[in-house]
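>>> Here's a sequence, model it:
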Amino acid sequence: MDPVDALREIGFWLERERATSYRVEAFRRAATVLAPLGPDEVARRAERGELARMKGIGPKSLAVVEEALAGGVPAYLADLRSRNDGPLAVGGRELRARLRGDLHTHSDWSDGGSPIEEMVRAARWRGREYVALTDHSPRLTVANGLSADRLRAQLDVVDAINDESEDLSLLSGIEVDILEDGRLDQDDDLLDRLDIVVASVHSKLRMDPGPMTRRMIRAIEHPRTRILGHCTGRLVEGSRGKRPQSQFDATALFQACVEHDVAVEINSRPERQDPPERLIDIALDAGCLFAIDTDAHAPGQLDFLDYGAERAAAAGIPAERIVTTWPLDRLRAWAGSTEEVVE
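Below you'll find the model as predicted:
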């Protein structure tokens with residue numbers, strides 16, 4: 001098999017297994033080094049024994065390349081495939097099969113670990129019909145948030161990728177920070193150019209319930225907000241430790257989502273599991289739409305949809321109220337097109 005494909009696939013499965021970043025980086029770095037050479041040049045350098053001297057090619061990566069060039073599936077990749085033979089979650093399989101896309105993903109333009117093209121390549125391989133690129137907004141400097149100029153440049157990249165793609169639509173988007181007063185952290189003229197706007201709170205998560213409720217409702221009232229991201233901000237596990245959920249008037253918040261046609265995100269990241277079950281029930285009773293999203297920061301995390309589907313199915317959310325089950329034309333109409341939504 002192609003050695004670069006083998007290295008990339010190893011990175012994917014390790015990310016899916018939530019391996020430490022240093023284990024993943026060794027293989028992704030080697031793939032990045034070898035990809036521009038092309039398979040014939042990689043083979044020639046391997047025959048001359050030059051690969052081991054190339055910066056970014058370690059012993060494990062070299063073994064994978066040599067086994068791939070020999071004509072077989074590298075043993076390490078074969079083991080990863082066998083370990084990952086099946087969904088990540090037990091429940092929600094019927095709903096998972098109906099999910100067409102993902103409206104919350106990140107690239108290395110902000111705090112993701114892979115280029116946009118790599119995220120798109122993995123999304124296509126995993127059967128997505130559409131995926132939204134939603135890197136962070138400028139106020140979130142710790143996540144390398146996109147300035148207005150960088151976002152404009154990214155829109156050109158998205159257009160170029162779509163010009164070359166026939167089987168997957170890359171939607172332009174942003175995960176825009178909800179500022180302390182409820183404003184959105186990006187210029188309105190730029191938000192108007194995007195397919196998807198996910199609005200999320202990333203700062204002052206411990207505000208008093210009253211101000212937090214008003215802050216979030218103001219963001220929901222913005223005409224470009226389409227999805228309320230990881231609404232409580234909680235962390236329940238993982239390397240960042242645990243973090244309690246934000247406090248707000250959930251009934252008022254979700255009623256505002258209904259009134260303004262904003263979907264409540266079911267964030268599929270295992271460390272978030274956001275919203276909690278009690279809040280999902282409140283949003284469901286209020287009549288909210290939902291979006292099952294991965295919040296993927298790496299290609300292998302795109303499979304986290306399994307976790308979100310399991311939680312949504314357990315809560316009894318009807319598939320028709322989950323916007324990520326909708327076909328692209330209906331999704332675009334809901335997200336802001338002048339076309340009518342087809343029921």
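>>> separation between the closest residue to Gly101 other than its chain neighbours and Ala143?
Taking Cβ to Cβ, 6 or more residues apart in numbering, and ignoring the residues beside it in sequence, Gly101 has Tyr130 as its nearest neighbour in space, at 3.9 Å. No exception for glycine: its C-beta is placed from N, CA and C like everyone else's. Separation of Tyr130 from Ala143 (Cβ to Cβ, to the nearest Å) stands at 24 Å.
>>> The two - which one has more neighbours?
The residue with more neighbours, out of Tyr130 and Ala143 and counting by other Cβ atoms under 10 Å, is Tyr130; that gives 21 against 18.
>>> Starting from Val120, give me the distance back to the more buried one.
Using Cβ to Cβ, we find Tyr130 at a distance of 11 Å from Val120.
>>> Touching both of those two, which residues are there?
Residues touching both Tyr130 and Val120 by Cβ atoms under 8 Å, 6 or more residues apart in numbering: Leu168, Leu170.
>>> got a list of contacts for the helix or strand hosting Glu66?
Element membership for Glu66, per DSSP states H and E: helix 59-69. Contact partners of helix 59-69, identified using Cβ under 8 Å, 6+ apart, comprise 1-3, 5-7, 10, 26-27, 29-30, 34, 42-43, 46, 51-52, 57, 73-77.
>>> Figure out how far it is from the centre of its chain.
Remark: helix 59-69 is offset 30 Å from the chain centroid, using Cα atoms, centre = their mean, to the nearest Å.
>>> repeat for stretch 105-123
Using Cα atoms, centre = their mean, the offset of stretch 105-123 from its chain centre is 8 Å.
>>> what's the burial count for the nearest residue to Asp303 once chain neighbours are set aside?
For Asp303, the nearest residue in space outside its immediate sequence neighbours is Arg16; the separation is 5.0 Å by Cβ to Cβ, 6+ apart. The burial metric for Arg16, expressed as a neighbour count using other Cβ under 10 Å, is 21.
>>> residue contacts, Val262?
Taking Cβ under 8 Å, 6+ apart as the test, what Val262 contacts is Ile220, Thr225, Arg226, Ile227, Leu228, Ala256, Leu289.
>>> Let's see that with 6 Å instead.
By Cβ atoms under 6 Å, 6 or more residues apart in numbering, Val262 lies in contact with Ile220, Thr225, Leu228.
>>> Tell me the one among the residues you listed nearest to Glu271.
Proximity of the contacts of Val262 to Glu271, judged by Cβ to Cβ, is greatest for Leu228, which lies at 18.8 Å.
>>> how close does that closest one get to His202?
Here the criterion is Cβ to Cβ. By it, Leu228 lies 13 Å from His202.
>>> Please apply the same query to Arg98.
Relative to His202, Arg98 is positioned 30 Å away (criterion: Cβ to Cβ).
>>> Among these two, which residue is more densely surrounded?
Legend: neighbour count by other Cβ under 10 Å for Arg98 and His202, higher for His202 (21 against 14).
>>> so how far is Ala314 from the more buried one?
According to Cβ to Cβ, His202 and Ala314 sit 27 Å apart.
>>> what's the helix or strand for Pro270?
Secondary structure assigned from DSSP H and E places Pro270 in neither a helix nor a strand.
>>> ok, the closest residue to Glu15 other than its chain neighbours - how many residues close by?
The spatial neighbour of Glu15 that comes closest, neighbours along the chain excluded (Cβ to Cβ, 6+ apart), is Gly300 at 2.5 Å. Burial of Gly300, expressed as a neighbour count using other Cβ under 10 Å, amounts to 25.
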